[in-house]
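Novice: Fold the stuff below for me.
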Amino acid sequence: MNYQGKDIECYMNLSYQAEVSEIPSDEGGGYCACIPELGRWVFIGDGETPEEALRHLEEVKRDLFEEYIRKSIAIPEPD
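Specialist: Predicted coordinates:
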């Protein structure tokens, strides 16, 4: 648990808005998913399809939440 008294599963179950955008073909193609509320360029995943990008984003989100909790970094909750 972190200093706010919440564990990883609590944060993983919150409904953060994700944005998915297409990556231009001259930049490698595929899709990018991010959570602007948590950091547009920090919480970011990519993949060949929008679904893959969102799955990767979930992995990134779990890893970063675990790190934030371990370091007692405040995690903003969705509005």
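
Novice: tell me the phi and psi of E19?
Specialist: The phi and psi torsions at E19 (degrees, to the nearest 10) take the values phi -110, psi 140.

Novice: and the closest residue in space to it that isn't next to it in sequence, what does it touch?
Specialist: In this structure, E19 finds its nearest non-sequential neighbour in C34, 5.6 Å apart by CB to CB, 6 or more residues apart in numbering. (Glycine included, C-beta is placed from N, CA and C.) Contacts here follow CB atoms under 8 Å, 6 or more residues apart in numbering; on that basis C34 touches A18, E19, R40, W41, F43, I44, G45, L57.

Novice: Out of these, which end up buried?
Specialist: Among the contacts of C34, those classed as buried by 16 or more other CB atoms under 10 Å are A18, F43, I44, G45, L57.

Novice: so the residue sitting furthest away from the middle of the chain, which of the three states?
Specialist: Largest separation from the mean C-alpha position in the chain: D26, at 24.7 Å (CA atoms, centre = their mean). With DSSP: H, G, I helix; E, B strand; the rest coil as the basis, the three-state label of D26 is helix.

Novice: which residues of the chain fall in strands?
Specialist: Using DSSP state E, the strands of the chain run over residues 19-22, 31-34, 44-47.

Novice: roughly how far is the last one from the heart of the chain?
Specialist: To tie it back to what came earlier, the one meant is strand 44-47. Using CA atoms, centre = their mean, to the nearest Å, the mean C-alpha position of strand 44-47 is found 9 Å from that of the whole chain.
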